[in-house]
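> Okay, here's the prediction I keep looking at, along with the sequence it came from:
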Amino acid sequence: MMKEFYKIIPFIFCLALGQEVAPEVTMERKKLIILASEIKDSDISKKIIQIASSSATQLNRYDVIDRSQLDRILNEQKLQHSGVVNPDQAIEIGKVAGANEALFISIITFGQKGVPTEKQEEKDEEEEPETELFGWIVKEVVKAGIDKELENVERYPNNIQTVISGEVRLLNVETGQSISSFNFSAEHTGGVKAKSLNKALKKVRSQMVDNLKSLYQLSSEVLHVQGNDIMLLLGKNMGVHKGMVYEIRTLDTKRKVRDRDITIPGKTVGFVEVVTVSADASEGRVLRKWDSIEPGYQAKEQTEGLASWSLGGLFGSSPENYRLRIAGNYKPFHQFGGAIYGNLGMVEDTRGVMDIHLGFGLEINYRIIPSSPFSTGGVLSLPFDFHIRPDDGDEDGEIHTVVLPIFSPRIGLQSELMISPKLDIVLRAEYALASIRLDDWTYSNEDDDSSNIAANWDDSVGPEPKIDYKGGVVFTVGIRMLVFE
């Protein structure tokens with residue numbers, strides 16, 4: 001046993017003598033050349049190249065070698081370039097152009113065709129006469145003849161469906177290896193060809209920007225810390241902008257284990273949002289932290305942002321109600337924020353019956369104290385509630401499931417307490433300002449969904465059940481989850 005202990009002493013000793021690694025800082029733009037593979041439709045290829053080029057240029061972290069520069073370089077080198085290449089040619093052209101990496105774009109699918117709108121489909125179905133077998137055969141023969149005559153004619157020129165998909169590969173010009181890749185796809189239906197294509201290309205542009213950010217994430221360094229105010233290296237010259245979020249990490253550590261150098265990644269201690277930007281530096285505000293942030297720490301761009309959702313239980317006594325709420329939060333760590341939520345529960349009406357409750361709504365938060373790990377402030381909630389129960393039945397004794405919609409705006413106070421990097425406890429108290437009935441108790445006509453019929457109430461059983469939230473107080477206890485990698 002002692003021998004085994006002595007064997008692991010050197011291993012423990014090596015782990016203890018770790019050497020901190022200086023923070024990685026993105027100081028130079030990456031030189032990038034963008035090329036496309038050979039396809040039949042070169043026009044869409046050129047458009048995608050233009051989108052990729054402009055997206056990379058706007059990010060300000062790439063130096064893009066454009067087509068005019070490329071043609072000049074190739075002419076000087078007496079090389080030919082048709083505008084479409086294969087991956088090997090892309091690497092060779094990238095070397096000649098002096099690029100670090102080549103973005104190689106392959107168009108997988110591109111097509112445009114007219115499709116009928118819902119109204120046109122309904123009209124065609126209404127005009128379709130019912131025929132017997134012989135009539136059906138004649139009709140199909142005539143339809144086939146018409147289809148052949150119109151095969152090159154666009155039948156629905158004002159409702160064009162555009163479909164685009166492709167792959168982008170990032171190639172290392174020096175080694176020829178594929179560094180990374182991503183797919184893009186977009187579809188839009190509506191308008192003439194040009195309009196439909198432009199709408200689809202806008203979707204491609206959005207995907208291109210997001211993926212180009214991920215391909216070359218910015219790395220910075222914490223220069224100065226004063227309370228929740230953080231100064232970071234890098235500014236406009238490298239594409240830093242207001243609203244960008246950085247993940248703050250302790251320094252990586254290099255250690256020697258069994259004659260091998262290994263790097264132990266630093267631990268995440270918080271997130272900082274950029275507030276102001278100069279040419280070479282930026283100032284940020286701490287959004288969330290669970291450990292101290294020190295000068296010299298690593299800052300990594302958080303390209304995916306911070307997502308947050310909540311789960312809570314609600315209780316109110318006037319009227320008695322119990323609800324389960326799930327919400328998606330918007331800017332949960334800012335002074336101004338909000339959420340969209342859905343509710344499921346039970347509410348007692350004036351007859352003493354617990355009605356089923358379904359609802360949705362939105363809220364606006366103003367945090368007087370937006371600090372981490374504790375925040376508190378006011379909240380305005382705008383719930384739209386639908387209450388479901390059976391009525392007393394009609395003259396034939398048929399009972400219907402009826403619905404009562406109510407809008408009850410509320411104000412309140414909410415506090416959030418961080419208990420782990422990804423989990424908060426949420427406490428809230430709300431006061432209902434009003435209880436506005438948007439309609440009476442009604443049920444839908446089975447033959448006509450657009451027609452609502454008033455509920456049937458028997459006076460001998462009791463007066464019409466009512467639900468009045470005005471003046472009631474609702475308490476919430478819940479959790480808030482932060483999602484990040």
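That came in fine, so what should we check first?
> contacts, neighbours, all on C-alpha from now
Noted.
> give me the number of residues near Asp396?
Taking other Cα atoms under 10 Å as the neighbour definition, Asp396 ends up with a count of 6.
> What of the one 5 residues further on?
Look at Thr401: counted by other Cα under 10 Å, it has 15 neighbours.
> Contacts only, for it.
Under the criterion of Cα atoms under 8 Å, 6 or more residues apart in numbering, the contact partners of Thr401 comprise 388-391, 443.
> Can you say which helix or strand has the nearest residue to Lys46 once chain neighbours are set aside in it?
Taking Cα to Cα, 6 or more residues apart in numbering as the measure, Lys46 lies nearest to Ala36, with 8.0 Å between them; neighbours along the chain are not counted. For Ala36, the host element (DSSP states H and E) is strand 30-37.
> now the helix or strand just after that strand: how far from the chain's centre is it?
Proceeding C-terminally, strand 30-37 gives way to helix 42-59 as the next helix or strand, assigned by DSSP H and E. Distance of helix 42-59 from the chain centroid (Cα atoms, centre = their mean, to the nearest Å) equals 23 Å.
> before we move on, back to that, average pLDDT for the strand holding Ala36?
This predicted structure assigns strand 30-37 an average pLDDT of 82.
> Which residue comes closest to Arg285 once chain neighbours are left out?
In this structure, Arg285 finds its nearest non-sequential neighbour in Asp229, 4.9 Å apart by Cα to Cα, 6+ apart.
> who touches the one you found in this structure?
Neighbours of Asp229 in contact, by Cα under 8 Å, 6+ apart: 283-286.
> how far away is it from Tyr216?
Asp229 sits 26 Å away from Tyr216 when distances are taken as Cα to Cα, to the nearest Å.
> now Ile264
22 Å.
> Over to Asp280?
If you measure Asp280 against Tyr216 using Cα to Cα, the figure is 18 Å.
> Kindly report the same for Lys331.
For Lys331, the distance to Tyr216 equals 25 Å [Cα to Cα].
> swap in Ala22?
Here the criterion is Cα to Cα. By it, Ala22 lies 19 Å from Tyr216.
> Over to Ile44?
Distance, Ile44 to Tyr216, using Cα to Cα: 26 Å.
> Ser54 now?
Distance, Ser54 to Tyr216, using Cα to Cα: 16 Å.
> and what of Gly313?
Between Gly313 and Tyr216 the computed distance is 42 Å (Cα to Cα).
> now do Ser45
Ser45 sits 23 Å away from Tyr216 when distances are taken as Cα to Cα.
> Looking at those two, which one has more neighbours?
The residue with more neighbours, out of Ser45 and Tyr216 and counting by other Cα under 10 Å, is Ser45; that gives 23 against 15.
> can you list the contacts of Asp229 in JSON lines and add pLDDT, distance to Asn183 and secondary structure?
Putting these into JSON lines (pLDDT from 0 to 100; distance: Cα to Cα, whole Å; DSSP: H, G, I helix; E, B strand; the rest coil) gives the following:
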{"residue": "Glu283", "pLDDT": "96", "distance to Asn183": "34", "secondary structure": "strand"}
{"residue": "Gly284", "pLDDT": "95", "distance to Asn183": "33", "secondary structure": "strand"}
{"residue": "Arg285", "pLDDT": "94", "distance to Asn183": "34", "secondary structure": "strand"}
{"residue": "Val286", "pLDDT": "94", "distance to Asn183": "34", "secondary structure": "strand"}
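> Which of these sits closest to Met346?
Val286 (40.1 Å; Cα to Cα).
> Just to check, that closest one is in contact with Leu232?
No - with contact defined as Cα atoms under 8 Å, Val286 and Leu232 do not form a contacting pair (11.9 Å).
> Look at those two and report which has more neighbours.
More crowded of Val286 and Leu232, by other Cα under 10 Å: Leu232, with 26 against 23.
> In three-state terms, label Met208 for me.
In terms of secondary structure, Met208 is helix; the call rests on DSSP: H, G, I helix; E, B strand; the rest coil.
> and the strand holding Ala36, what other elements does it pack with?
In terms of contacts (3 or more Cα pairs under 8 Å, 6 or more residues apart in numbering; DSSP states H and E), strand 30-37 is packed against helix 42-59, strand 62-65, strand 84-85, helix 87-97, strand 101-114.
> closest to Val402 out of these?
Ranking the helices and strands packed on strand 30-37 by proximity to Val402 (Cα to Cα) places strand 101-114 first, at 43.4 Å.
> angle of the closest one against strand 30-37?
Strand 101-114 and strand 30-37 are oriented at 40 degrees to each other (axes from the mean of the first three to the mean of the last three Cα atoms, to 10 degrees).
> For strand 101-114, which helices and strands make contact with it?
Packing partners of strand 101-114 (3+ Cα pairs under 8 Å, 6+ apart): strand 30-37, helix 42-59, helix 87-97, strand 160-172.
> Deepest in the core, which of those is it.
Of all the helices and strands packed on strand 101-114, strand 30-37 has the most neighbours on average by mean count of other Cα atoms under 10 Å, namely a mean of 23.
> Gly117: neighbour count?
Wrong residue type there; residue 117 is Thr, not Gly. Thr117 is flanked by 15 other residues according to other Cα under 10 Å.
> ok, now which ones touch the residue nearest to it when sequence neighbours are not counted?
Leaving aside its chain neighbours, Thr117 sits nearest to Asn159 (7.1 Å; criterion: Cα to Cα, 6+ apart). Residues counted as contacts of Asn159 (Cα under 8 Å, 6+ apart) are 114-117, 189-192.
> so which one among those has the lowest pLDDT?
Per-residue confidence over the contacts of Asn159 reaches its minimum at Thr117, where pLDDT is 81.
> Map the structural domains onto the sequence of this structure.
Residue ranges for the structural domains of the chain, counted by automatic domain parsing, are given in the record as 30-114+157-215, 218-301, 307-483.
> now the second one: how far from the chain's centre is it?
On the basis of Cα atoms, centre = their mean, domain 218-301 sits 24 Å off its chain's mean C-alpha point.
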